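K.L.:
got a predicted model here, sequence first, then my questions.
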Amino acid sequence: MHGHRDMEIVTYVLEGALEHRDSLGNGSVLRPGELQHMTAGTGVRHSEFNPSDQEEVHLYQIWLLPERKGLKPSYEQKAFSEEERRGTLRLVASPTGEHGSLTIHQDARLYLSTLQAGETVAHTLEPGRHAWLQVLRGRAALNGNPLAAGDGAAVSDEEKLEIRGQAEAEVMLFDLA
């Protein structure tokens with residue numbers, strides 16, 4: 001067990017499983033296609049570990065500063081099916097929990113998409129907003145710029161983002177204030 005304060009932590013498992021236990025009484029196993037959100041707020045202790053001695057776990061964990069310090073700690077976990085993410089930008093985290101997304105305490109929206117080679121999705125950034133695209137698997141291009149698994153791209157002063165699969169790809173898009 002270890003502690004956190006005043007962080008918004010979003011975890012997404014690509015392969016394997018991640019077991020979670022915390023001082024709020026939550027205990028769960030996160031599997032591929034599932035996201036977990038924890039508001040550390042005034043303080044929470046938790047542990048995360050691979051419950052398997054046979055299978056590796058591959059995950060992304062995102063830490064965001066909250067909109068304000070001292071929030072009440074909370075935990076949330078949701079599954080988003082492959083069908084929900086295929087060929088579209090599926091909202092998976094937002095400040096209001098809209099469209100069944102996780103609720104985060106920050107002016108940010110996180111989207112997941114799985115694209116086939118040649119498939120394209122588009123996103124419009126409102127004036128003054130920024131974006132980060134993380135390629136989780138495969139290869140994709142952002143506004144014509146090629147990216148491979150593990151690559152990320154920061155975007156400012158662009159209105160339209162076009163994400164194209166160059167091979168089968170999975171991406172996470174952050175729309176940020």
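P.N.:
Received it, and whenever you're ready, just let me know what you need.
K.L.:
quick check: mean pLDDT of stretch 38-49?
P.N.:
For stretch 38-49, mean pLDDT is 92.
K.L.:
compute the first-to-last residue distance for it.
P.N.:
With Cα to Cα, to the nearest Å as the measure, stretch 38-49 spans 16 Å from end to end.
K.L.:
the helix or strand containing residue 84 packs against which elements?
P.N.:
Assigned by DSSP states H and E, residue 84 belongs to helix 82-85. For helix 82-85, the packing partners by 3 or more Cβ pairs under 8 Å, 6 or more residues apart in numbering; DSSP states H and E come out as strand 108-115. Any C-beta I mention is one placed from the backbone N, CA and C, and that applies to glycine too.
K.L.:
tell me where the chain is predicted with low confidence.
P.N.:
Of all residues in the chain, none has pLDDT under 70.
K.L.:
domain map for it?
P.N.:
2-79, 82-176 (automatic domain parsing).
K.L.:
make TSV from those and add mean neighbour count to it.
P.N.:
As requested, the domains of the chain are exported to TSV (neighbours: other Cβ atoms under 10 Å):
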stretch	mean neighbour count
domain 2-79	15
domain 82-176	17
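K.L.:
with just CA atoms, put stretch 140-147 into PDB.
P.N.:
What follows is stretch 140-147, C-alpha atoms only, in PDB (Å, rounded to 0.1, in the frame of the first residue of the first chain):
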ATOM      1  CA  ALA A 140      -1.500   6.100 -36.800                       C
ATOM      2  CA  ALA A 141      -1.000   9.500 -38.300                       C
ATOM      3  CA  LEU A 142      -2.100  12.800 -36.700                       C
ATOM      4  CA  ASN A 143      -2.800  15.400 -39.300                       C
ATOM      5  CA  GLY A 144      -0.500  13.500 -41.700                       C
ATOM      6  CA  ASN A 145       2.300  13.000 -39.100                       C
ATOM      7  CA  PRO A 146       3.100   9.300 -38.600                       C
ATOM      8  CA  LEU A 147       3.200   7.900 -35.100                       C
END
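K.L.:
surely residue 125 meets residue 173?
P.N.:
No - Residue 125 lies out of contact with residue 173 (Cβ atoms under 8 Å); the separation is 10.1 Å.
K.L.:
hmm, residue 160 is touching residue 121, no?
P.N.:
No - using Cβ under 8 Å, residue 160 makes no contact with residue 121, being 11.4 Å away.
K.L.:
picking that back up, how about residues contacting the helix holding residue 84?
P.N.:
Helix 82-85 has contacts (Cβ atoms under 8 Å, 6 or more residues apart in numbering) with 33, 90, 112-114, 170.
K.L.:
skip ahead from that helix and say which helix or strand is next.
P.N.:
Downstream of helix 82-85, the first helix or strand assigned by DSSP H and E is strand 90-94.
K.L.:
and the helix or strand following that next one, which strands flank it?
P.N.:
Using DSSP H and E, the next helix or strand after strand 90-94 towards the C-terminus is strand 102-103. Applying DSSP bridges, strand 102-103 is found paired with strand 90-94 (parallel).
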